[in-house]
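Visitor: Can you look at this prediction? I've put the sequence above it.
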Amino acid sequence: MKTDERRSTPATAVPAGGGGIPRQQLWVEEPALRRRMPDPVRTAAVRAVLIMSLTLIQAMVAFLCTLAGSWLAFPMVLGGVAGTVVATWSVLDVWVTRQVWNQRHGVVSVPSSTARQMRRERRRARAAARAQDRRTDRIRRRGAGGLSRVA
């Protein structure tokens, strides 16, 4: 809903003093612009965000420990490297989960989609079969000895 439409909506409450300026609605529901992610993909995405945030926190702690000269710096750096590998793996997990979901529950409709190409081929085959049927039907009508001409 655009701002002009929100302003033109009727007021929901009038102040207790009787007359006065009507108040606008506090909450206006708007339809979602994009569809919701499938549950497995959303779960993988949340997991990836949590792992990445923990890895960033660990990297910051490792950096600060290094600046302070603490003995904890070396183990934290090793943990940061391991965390980076795990975070990369989790992001790849989101991508793979999304691809698997798309393959199992319908092909994404893009111009290079294989489903669209297969539909096109089936349509061409049906059109060719109909054209062949018309041709054979015409031949049958002509072969009837010329007694009944159908225009």
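Guide: Arrived safely, thanks for sending. Numbering: from 1, shown residues only.
Visitor: Kindly list the main-chain dihedrals of the residue nearest the centre of the chain?
Guide: Taking Cα atoms, centre = their mean, the centroid of the chain lies closest to Met37, which sits 6.0 Å from it. Backbone torsions for Met37, taken as degrees, to the nearest 10, come to phi -70, psi 150.
Visitor: Ignoring the adjacent residues along the chain, who's closest to it?
Guide: Nearest residue to Met37, sequence neighbours excluded (Cβ to Cβ, 6 or more residues apart in numbering): Ala45, at 6.9 Å. The C-beta positions use only the backbone N, C-alpha and C, and glycine is treated the same way.
Visitor: how close does the one you found get to Gln99?
Guide: 14 Å (Cβ to Cβ, to the nearest Å).
Visitor: And those two? Which one has more around it.
Guide: Comparing Ala45 with Gln99 by other Cβ atoms under 10 Å, the one with more neighbours is Ala45, at 17 against 12.
Visitor: what packs against the helix ranked longest in the chain?
Guide: Looking across the chain with DSSP state H, the single longest helix is helix 73-104. Here helix 73-104 touches helix 39-68, going by 3 or more Cβ pairs under 8 Å, 6 or more residues apart in numbering; DSSP states H and E.
Visitor: Count residues in the vicinity of Gly94, would you?
Guide: Small correction: residue 94 is Val, not Gly. Neighbours around Val94, by other Cβ under 10 Å: 20.
Visitor: Look up the pLDDT of it for me, please.
Guide: We note a pLDDT of 95 for Val94 in this prediction.
Visitor: wouldn't it be in contact with Val41 here?
Guide: Yes: with contacts defined as Cβ atoms under 8 Å, Val94 counts as touching Val41 at a distance of 6.8 Å.
Visitor: Identify the residues contacting Asp133.
Guide: Not one residue lies near Asp133 by Cβ atoms under 8 Å, 6 or more residues apart in numbering.
Visitor: Quick check on Ser70: phi, psi?
Guide: phi -80, psi 150.
Visitor: can you check Trp71 too?
Guide: According to degrees, to the nearest 10, Trp71 has phi -70, psi -20.
Visitor: Distance-wise, check it relative to Val77.
Guide: For Trp71, the distance to Val77 equals 12 Å [Cβ to Cβ].
Visitor: try Ile21
Guide: Note on Ile21: its distance to Val77, by Cβ to Cβ, is 61 Å.
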